[in-house]
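In: this is a predicted model, with the sequence first.
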Amino acid sequence: MTAYYELRYLVGFEETTVIGNVYFVNYLRWQGKCREMFLRENAPDVLADFGTGVTLFTVKVECEFLAELALFDELSIRMRLVDLTQTQIEFGFDYVRLGADGGEELVARGRQRVACLGGQGAEARPIKVPSSLRAALARYAGPAPGSRAREVAAVRNG
């Protein structure tokens, strides 16, 4: 079983279109929210230095939609570590609709790649992923459930 960080979420009116389905941009917002809550709970020292000592700069984001979500759907956003290099992190996200009967349905998959930067503005430069963040992420390394693209997530410490 793959370990993941989980954010539970209830879809609200502001996230749906006039026909009642969730507008696509919200899936990307939820990736950011999940990442933020992970940092808050697992690497608070990184947040304390956020914006001055370290910034997580998103270099790539994607989402594949498998089924529609609607108002008041209960959702589990499950984040895992896909790749870790000296200066970059790639997260994988599974969006799972939670049924009242305890059932689950995978409704979307996403990825997000971030680079760790130090400094601000024109002074910003790549820096190593902070050791506390690296340690926090280690618990969540693994392939996506049912993933064929990667049998094992690559975690490179070199």
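Out: Cool, got the structure. Because the structure is predicted, anything quoted here is derived from the model rather than measured.

In: roughly how far is the lengthiest helix in the chain from the heart of the chain?
Out: As assigned by DSSP state H, the longest helix anywhere in the chain is helix 25-42. Between the mean C-alpha point of helix 25-42 and the mean C-alpha point of its chain there is a distance of 6 Å (C-alpha atoms, centre = their mean, to the nearest Å).

In: that one - what's its average pLDDT?
Out: Averaging the model's pLDDT scores along helix 25-42 yields 96.

In: give me the contacts around the very next helix or strand once past that helix.
Out: Sequence order places helix 44-48 as the next helix or strand after helix 25-42, per DSSP states H and E. The list of residues contacting helix 44-48 from outside it, by C-beta atoms under 8 Å, 6 or more residues apart in numbering, reads 39-40, 54, 130, 132-133. Heads up, the C-betas are built off the backbone N, CA and C, glycines and all.

In: out of those residues, who's nearest Gly99?
Out: Gly99 lies nearest to Arg40 out of the contacts of helix 44-48, by C-beta to C-beta, at 28.3 Å.

In: identify the residues contacting the closest one.
Out: Contacts of Arg40 (C-beta under 8 Å, 6+ apart): Leu47.

In: so what's the residue count around Ile19?
Out: Other residues within reach of Ile19 by the criterion other C-beta atoms under 10 Å amount to 7.

In: number the chain from 50, please
Out: Okay, residue one is now 50; in that scheme the one you just asked about reads as Ile68.

In: next one: it from Ala119, what distance?
Out: Ile68 sits 10 Å away from Ala119 when distances are taken as C-beta to C-beta, to the nearest Å.

In: same question for Tyr189.
Out: Computed with C-beta to C-beta, the distance linking Tyr189 and Ala119 is 29 Å.

In: of those two, which one has the most company?
Out: Looking at Tyr189 and Ala119 with other C-beta under 10 Å, you find the greater number of neighbours at Tyr189, namely 20 against 14.

In: what's the host helix or strand of Phe142 packed up against?
Out: Using DSSP H and E, Phe142 sits in strand 137-147. Using 3 or more C-beta pairs under 8 Å, 6 or more residues apart in numbering; DSSP states H and E as the contact criterion, the neighbours of strand 137-147 among helices and strands are helix 74-91, strand 104-114, strand 123-133, strand 153-167.
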